[in-house]
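# whatever this is, show me its structure:
(2 chains)
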Amino acid sequence: AQKITQTQPGMFVQEKEAVTLDCTYDTSDPSYGLFWYKQPSSGEMIFLIYQGSYDQQNATEGRYSLNFQKARKSANLVISASQLGDSAMYFCAMRPILTGFQKLVFGTGTRLLVSP
Amino acid sequence: SQTIHQWPATLVQPVGSPLSLECTVEGTSNPNLYWYRQAAGRGLQLLFYSIGIDQISSEVPQNLSASRPQDRQFILSSKKLLLSDSGFYLCAWSVQQGGADTQYFGPGTRLTVL
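This next block holds a predicted model:
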């Protein structure tokens, strides 16, 4: 069974600084995908970034990058140059890459607050 | 581009009343569709998923049901709501493109059962 652990219930960062949100995972599947989603107060889950377990390079999408350390089973999200609009809940998720339907497993989330 | 719609955005219903939440996707064909529930301050719980018309799988036994009458339409229903059905309901879609397909979520429906 897969498990996602986000140990930081809340994080604070000042505007324009970088912040790292932690995510560790546990799986016995040889291939899997890792995802990060942002959930602002409006409730919508916004897809941010994806990392495949087989990818040689860390994923990047604009100000978001994923610090993937396979041996340590961690997939931390790095947000550079934080903005006030980054204040939200952030969820890490993973899914095995296998044939047939595979469930997307979410962590409990980290609430990020960006201050001016 | 693809878009996903959910309605209503908010709903207040008495215990024992019926429920119908609708989700539609535009700009893609034969998507996988999902219904999730998020209780206040909690993570997401997968309720149902569908890989095609009239092909529904349930993840959690409960008094909710789902239907997919058209390729891009997914409906969540209940005949009699319980207090515990309160929560934030999210619909999502994905398309298998090799690797782990990414799920994209709708704006959600906030349901309060009184």
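# in chain A, what residue comes closest to chain B?
Closest to chain B within chain A is A:Gly33: 2.7 Å, counting by C-beta to the nearest C-beta. C-beta here means a position set from N, CA and C on the backbone, and glycine is covered the same way.
# just give me the neighbour total for that residue.
21 (other C-beta atoms under 10 Å in any protein chain shown).
# show the average pLDDT along the helix or strand harbouring it.
Using DSSP states H and E, A:Gly33 maps to strand A:32-39. Here strand A:32-39 scores 96 as its mean pLDDT.
# same for it, what does it pack against?
Contacts defined by 3 or more C-beta pairs under 8 Å, 6 or more residues apart in numbering or on different chains; DSSP states H and E place strand A:32-39 against strand A:46-52, strand A:64-69, strand A:74-79, strand A:88-96.
# tabulate those (a markdown table), appending distance to chain B, mean neighbour count and mean pLDDT.
Putting the helices and strands packed on strand A:32-39 into a markdown table (distance: least, C-beta to the nearest C-beta, whole Å; neighbours: other C-beta atoms under 10 Å in any protein chain shown; pLDDT from 0 to 100) gives the following:
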| stretch | distance to chain B | mean neighbour count | mean pLDDT |
| --- | --- | --- | --- |
| strand A:46-52 | 5 | 18 | 96 |
| strand A:64-69 | 14 | 18 | 97 |
| strand A:74-79 | 13 | 22 | 98 |
| strand A:88-96 | 5 | 23 | 95 |
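# I'd like those laid out as CSV, including distance to A:Gly107.
Shown next, in CSV, are the helices and strands packed on strand A:32-39 (distance: least, C-beta to C-beta, whole Å):
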stretch, distance to A:Gly107
strand A:46-52, 14
strand A:64-69, 14
strand A:74-79, 10
strand A:88-96, 4
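# what residue lies at the spatial centre of chain B?
Centroid check for chain B by C-alpha atoms, centre = their mean gives B:Trp35 as the closest residue, at 2.8 Å.
# now that one: how far from A:Asp26?
Computed as C-beta to C-beta, to the nearest Å, the B:Trp35 to A:Asp26 distance reads 26 Å.
# who are the contact partners of the residue of chain A closest to chain B?
Residues counted as contacts of A:Gly33 (C-beta atoms under 8 Å, 6 or more residues apart in numbering or on different chains) are A:50-53, A:94-95, A:97, B:99-100.
# tell me which parts of chain B are close to chain A?
Neighbours of chain A within chain B, by C-beta under 8 Å from any C-beta of the partner chain: B:32, B:42-44, B:46, B:49, B:51, B:57, B:59, B:88, B:90, B:92, B:99-100, B:102-108, B:110.
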